[in-house]
Structures are given as C-alpha cells and as structure tokens.
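Asker: Could you look at this predicted model? Sequence included:
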Amino acid sequence: MDIASVLNKAIASLGNQGFATARIDAEVLLCSVLKKERTFFYSHPGEQLTEREREEYQQLIERRRHGEPVAYIVGIKEFWSLPFEVTRHVLIPRPETEILVEEVLKVCADGKVKNPRILEIGTGCGAISVSLASELKDAHIVATDISAEAVSVAMKNAHNNGVVNQISFLLGNLFQPVLGKFDLIVSNPPYISEEDYGRLPLEVQGFEPKASLLAGPDGTEFHRAIIREGIVYMESGGWLLMEMGAGQQHRMENMLKESHLYDSIAFRADYAGIERVSIARRVPADG
Ligand SMILES: C[S@@+](CC[C@H](N)C(=O)[O-])C[C@H]1O[C@@H](n2cnc3c(N)ncnc32)[C@H](O)[C@@H]1O
C-alpha cells in the first residue's frame, strides 16, 4: 500500500470516530513511523510502505482511536517552538501556557530585572522553566514538582534543550524543598474543580495525570496556597504570575486582594478571550 492510500484510510478511520483533528493526527503519526516531515507525503504519495511500517502505523492509529493523545503516542510536544519529551506522567503543555511565559518575559523586561531568580512550582515536563531559560540567558531558575517522574522528564528536557546549567530541579510538595528568595514565582498549578474533572474529555481524563489537573472543590486550592506561602520566598517587590482556568478570575482577584500582600494586580487573556494569567507584585517593604 502507498502513502496516499494508507493516509486516507487512517483519516477516514479517525474521522469516523469523531476526531476533528483526524487528518493532522494521521499525518503526525505517519511522520513518527516513517521519520519524515509531513511535506514528504505530498511529494511522494505513491511511495510504498513496508509491511512492518504498515503494522506499526496501524497500532498507532488504534491507540489514537482509543483516545490517547497524539503527543503521548509520539512522545513529543512542541512548546515555545522547542521540542519537549512527554510521557503519561506529565501534563501535555498547552499553547495557552505560552501566554504565561510571555508575561514573565515582559515583567523581567519592564522591571529591568537583571539576573532574575525565578521559582517555578509544578514544572511538569519543564515547558515553562526551559522556555524561560532559553530566553533569559542570565536567569537562574529553580523548578519543583511533587512527581519524581515529572522532575526526571523535566531534567531531560532541560538537557535536550541546552539549558540544564540554568535550572535546579527539586522534588517536593509546593515550597517544601525550596530555600532562598526569588524575583519571580511562576506556576501553572492544577486548576480543575472536582465537578469539572468529571466533564473533561476522555483524552484528558483518561490519559493525563490526575495530580496535574485536580485542585479541590473549586479548582483554586493550589493558587490559594501559592498566594499565601509564596510571600516567604519572594523578594520585596517580587512578582507572582499564575495560570488559571476559565471563570476563576474573580476568585483569584479576591484571594490576592484579601491577602493584603500584593499590589499591581492584573490579568491577561488568552487568544480565546479567556482571562488566563494573573500577575501581582509583592507589596514592597517600604510600600
Ligand atoms: C497543570 S500541571 C503544569 C505542568 C507544566 N508546568 C505545564 O505548564 O505544562 C501542574 C503540575 O503541578 C504538579 N503538582 C501537583 N501538585 C503539586 C504539589 N503539591 N507540589 C508541587 N507540584 C505539584 C503536577 O505534578 C504537575 O506537574
């Protein structure tokens, strides 16, 4: 069977299953089997697949048909134009999290923070810390996670992206393994409420780690803890930036204001218009 026929069959099979991304999924999975770019399929539609390649491809298509995300099947996801290895132990980094990276870069540039010391809570595959390190060559970053598997994936990604010397990885619950003070604390913590968790699509609920998603009855228990405890680890005038879920802005604003620990509170929406990132400054000592 040639590339065009194999692809068309796979697209139809995924399409029948209701996958809106059938074509791109089928193509990305074929790239992974043939170790070719997608453009190759258009320039060589008549190229024959070997029996082994066809079998391997069929197995990957079956995994996708059962709902497994493409990123887990191929083991890689692009974020901030960098390649990240992903396993079932880490959340697949989402495009909206790039807004958080953008905002951290803005705070560093606007505040002219030299040699920024940045703490990330809940690094997962390391997407945020590795991206920041790739942009801020003078930054030193401490990245934590409660999952040993996540820390090991993140370290590998830091190594593969050439920034391992800028990031220290720590294993532990929130701030428990952290020492010292930072100019910025950044986090994309779990933020799905118990009620919403049951409504997540199969690809998320059935495959991504629950500990990366679930955050108590209203989805803000990690934000609350980070707002309260983070203050100890932040320089006076330091910044706290966090990702949040749809509809959480009001609660976040209240938590930040009621703590009386932060000022300059702002929010940034993602490209779908959903308020996605909270930005707040620790009230300076003389403020
Ligand atoms: C939403 S994921 C974010 C992962 C990654 N930073 C990203 O943006 O793709 C949240 C991460 O927080 C970690 N986590 C959950 N509870 C934690 C805790 N108590 N202390 C530290 N990390 C925690 C999870 O293991 C997961 O890697």
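Answerer: Perfect, thanks for sending it.
Asker: And Leu256, how far from the ligand?
Answerer: For Leu256, the distance to the ligand equals 20 Å [CB to the nearest ligand atom, to the nearest Å]. Where C-beta positions appear, they are placed from N, C-alpha and C, glycine not excepted.
Asker: Could you do Ala215 as well?
Answerer: Distance from Ala215 to the ligand, by CB to the nearest ligand atom: 8 Å.
Asker: for Leu202, same thing?
Answerer: From Leu202 to the ligand the distance is 18 Å (CB to the nearest ligand atom).
Asker: my guess is that residue meets Arg65, correct?
Answerer: No: the pair Leu202 / Arg65 is not scored as a contact, 11.5 Å apart, by CB atoms under 8 Å.
Asker: Those two: who's more crowded?
Answerer: Arg65 (15 against 10; other CB atoms under 10 Å).
Asker: interface residues of the stretch 1-150 of the chain facing the ligand?
Answerer: Within the stretch 1-150 of the chain, the residues that sit near the ligand (CB under 6 Å from any ligand atom) are 90-91, 93, 97, 121-124, 127-128, 144-147, 150.
Asker: 5 Å instead, please
Answerer: Counting by CB under 5 Å from any ligand atom, the stretch 1-150 of the chain comes close to the ligand at 91, 93, 97, 122, 124, 127-128, 145-147, 150.
Asker: Return the residues of the stretch 151-287 of the chain in contact with the ligand.
Answerer: Counting by CB under 5 Å from any ligand atom, the stretch 151-287 of the chain sits next to the ligand at 173-174, 188, 211-212.
Asker: Any of these buried? List them.
Answerer: By neighbour count, with 16 or more other CB atoms under 10 Å, those hold 174, 188, 212 as buried.
Asker: List the contacts of the second one.
Answerer: Okay, so that is Asn188. By CB atoms under 8 Å, 6 or more residues apart in numbering, the residues touching Asn188 are 97, 100, 122, 124, 128, 242-243.
Asker: I'd like these laid out as a markdown table, including secondary structure and neighbour count.
Answerer: Formatted as a markdown table, the contacts of Asn188 follow (DSSP: H, G, I helix; E, B strand; the rest coil; neighbours: other CB atoms under 10 Å):
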| residue | secondary structure | neighbour count |
| --- | --- | --- |
| Thr97 | helix | 21 |
| Leu100 | helix | 27 |
| Gly122 | coil | 24 |
| Gly124 | coil | 27 |
| Ile128 | helix | 29 |
| Met242 | strand | 28 |
| Glu243 | strand | 24 |
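Asker: Tell me which two in the residues you listed are the farthest apart.
Answerer: Gly124 and Met242 (14.2 Å; CB to CB).
Asker: Quick check: which ranges of the chain have low pLDDT?
Answerer: Filtered on pLDDT under 70, the chain yields the residue ranges 286-287.
Asker: Tell me how it divides into domains.
Answerer: Listed domain ranges for the chain are 3-66, 89-282 (source: automatic domain parsing).
Asker: Buried deepest among those domains, which one?
Answerer: Neighbour counts (mean count of other CB atoms under 10 Å) averaged over each of the domains of the chain peak at domain 89-282, with a mean of 19.
Asker: ranges for the strands of the chain?
Answerer: Taking DSSP state E as the criterion, the chain carries its strands at 76-79, 82-85, 117-121, 140-145, 167-171, 182-187, 234-243, 262-269, 275-282.
Asker: In JSON lines: the ones you listed, plus distance to Met155.
Answerer: Formatted as JSON lines, the strands of the chain follow (distance: least, CB to CB, whole Å):
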{"stretch": "strand 76-79", "distance to Met155": "16"}
{"stretch": "strand 82-85", "distance to Met155": "11"}
{"stretch": "strand 117-121", "distance to Met155": "13"}
{"stretch": "strand 140-145", "distance to Met155": "9"}
{"stretch": "strand 167-171", "distance to Met155": "5"}
{"stretch": "strand 182-187", "distance to Met155": "18"}
{"stretch": "strand 234-243", "distance to Met155": "22"}
{"stretch": "strand 262-269", "distance to Met155": "29"}
{"stretch": "strand 275-282", "distance to Met155": "26"}
